[in-house]
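S.K.: here is a sequence with its predicted model. Questions after.
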Amino acid sequence: MCSTRFPKLTPQTRLEPRNRHKIVQYSDILGMGLSSVLLFLHAVVTVLCLPPPRLLADNDITVVSRDEWGASPPSSRSILNTPVSLVVIHHTYIPSACNNRRDCSGAMRSMQYTHQITNGWTDIGYNFAVGGDGDVYEGRGWDCVGAHAVGVNSKSIGIVLIGDWVSVVPPVNQLETTKKLIAKGVELGYISPEYKLIGHRQVGSTECPGEALFREISTWDRFKPVV
């Protein structure tokens, strides 16, 4: 199995969509009929919103790709305007905590089924999930708008810590991986260096991310009690 690093962004590469695709020139679509143009642009949007590659272990983070955890394809995707100004922390409550690749992958499939089939969403709602095994599980990724916090989806990255964190705090490795993932998002230019860290309850009528986890993240750098 091969894996690749996330590309680092520079002033030069920022002119391109995360340095993964060539900019579409107007000359490329001249002569197309309207229906062809619309189909072409839809394909471009879909490609630009493809999930990011895995991180290598030498970054102290392992990202389990959608293919690896057995994701179903999304019905559609919308490009997220980055860098975002908010990072929203969630807990799953259900599914419960997982501590290995098999169980965490099962939790991801369960969440995606609920979000797509029961809720009627296009995909799993979160951008990323973090398991009790200390690994990151790819949801919608850095480039796509999530469905995790009504009103702020278009300006945030949603990270869910798999488990019920009402009464107990997640294990240290799960917390540390979450911090590293946020730092990686800042490093790569997907999250603003001046981002605000919040819990889901601060922008919605919910107990999420659980009282114990909320108290924990309130001690982290860049946590904002008022959004």
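M.R.: Alright, I've got the coordinates.

S.K.: all contacts plus neighbour counts: C-alpha atoms, from now on.
M.R.: Fine.

S.K.: buried stuff in stretch 82-98?
M.R.: By neighbour count on 16 or more other CA atoms under 10 Å, the buried set for stretch 82-98 is 82-93, 95, 97-98.

S.K.: what sits up against that stretch?
M.R.: For stretch 82-98, contacts defined as CA atoms under 8 Å, 6 or more residues apart in numbering pick out 104, 107, 110-111, 131-133, 143, 149, 155-165, 182, 189-192, 194-200, 208-210.

S.K.: ok, back up a step: residue 122: which of the buried residues of stretch 82-98 is nearest?
M.R.: residue 92 (18.4 Å; CA to CA).

S.K.: before we move on, the earlier item: out of the contacts of stretch 82-98, which are buried?
M.R.: The buried subset of the contacts of stretch 82-98 (16+ other CA under 10 Å) comprises 104, 107, 111, 131-133, 143, 149, 155-165, 182, 189-192, 195-200, 208-210.

S.K.: mind checking which of these land in strands?
M.R.: Using DSSP state E, the members of these that fall in strands are 156-161, 191-192, 195-199.

S.K.: turn those into CSV, columns for distance to residue 169 and pLDDT.
M.R.: As requested, those are arranged in CSV below (distance: CA to CA, whole Å; pLDDT from 0 to 100):
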residue, distance to residue 169, pLDDT
156, 23, 98
157, 21, 99
158, 19, 99
159, 16, 99
160, 14, 99
161, 10, 99
191, 25, 98
192, 27, 98
195, 23, 98
196, 21, 98
197, 17, 99
198, 16, 98
199, 14, 98
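
S.K.: got the residues you listed as JSON lines, with distance to residue 227 columns?
M.R.: JSON lines is the format used below for these (distance: CA to CA, whole Å):
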{"residue": "156", "distance to residue 227": "12"}
{"residue": "157", "distance to residue 227": "15"}
{"residue": "158", "distance to residue 227": "15"}
{"residue": "159", "distance to residue 227": "17"}
{"residue": "160", "distance to residue 227": "19"}
{"residue": "161", "distance to residue 227": "21"}
{"residue": "191", "distance to residue 227": "16"}
{"residue": "192", "distance to residue 227": "15"}
{"residue": "195", "distance to residue 227": "11"}
{"residue": "196", "distance to residue 227": "8"}
{"residue": "197", "distance to residue 227": "9"}
{"residue": "198", "distance to residue 227": "8"}
{"residue": "199", "distance to residue 227": "10"}
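
S.K.: farthest-separated two in those?
M.R.: Farthest-apart pair in these is 161 and 192; separation 21.3 Å (CA to CA).

S.K.: tell me how far residue 208 lies from residue 147.
M.R.: When distance is defined by CA to CA, to the nearest Å, residue 208 is 14 Å away from residue 147.

S.K.: same deal with residue 194?
M.R.: As judged by CA to CA, residue 194 and residue 147 stand 23 Å apart.
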